[in-house]
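Visitor: model this:
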Amino acid sequence: MPLDGSFNKTPCFVNRHAFEPSRFEAYVTSEDCTGCAICAEERCPMKAIEVRDNIAVVNLQERIGCGLCVTGCPTGAIKLMERKQIPFIPAAVRDMGAEVLQKKGRIGAFPKIMQS
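Guide: All right, here's what the predicted structure looks like:
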């Protein structure tokens, strides 16, 4: 049974750390997790994992889907799964830039950036 933590029951398709959302999300199988914290303390560059009650919990709003936690887990308790609904990724760089600036609350800078 995957352990998500209460704050990530609803998938979050807005990722403030990435230009495009990851197609993958990490989950923890609680029966296999020993709470060693390697994933949280040594592997996750975004600090999107914390250990609660000796079980790793992934914050889907902070993760970037890189899989470093998966490769560092000695018991194989963390896995990546492809999202059921893959987020839309803009085809043009200009559209992607506008979307990122809008999500970060900086869309007012878009005309100035596009003029340079």
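Visitor: just give me the neighbour total for the nearest residue to Asp53 once chain neighbours are set aside.
Guide: Setting aside the residues directly before and after it, Asp53 is nearest to Gly35 in space (C-beta to C-beta, 6 or more residues apart in numbering), at 7.8 Å. Every C-beta, even on glycine, is put in place using the N, C-alpha and C of the backbone. Applying other C-beta atoms under 10 Å, we find 14 residues neighbouring Gly35.
Visitor: now for Gly35: which residues touch it?
Guide: By C-beta atoms under 8 Å, 6 or more residues apart in numbering, Gly35 lies in contact with Val51, Asp53, Asn54, Ile55, Ala56.
Visitor: could you look up the SS state of it?
Guide: Under DSSP: H, G, I helix; E, B strand; the rest coil, the three-state class of Gly35 is coil.
Visitor: among the contacts of Gly35, which two are most distant?
Guide: Asp53 and Ala56 (10.3 Å; C-beta to C-beta).
Visitor: the more surrounded of these two?
Guide: A count of neighbours by other C-beta under 10 Å puts Ala56 above the other of Asp53 and Ala56, at 28 against 8.
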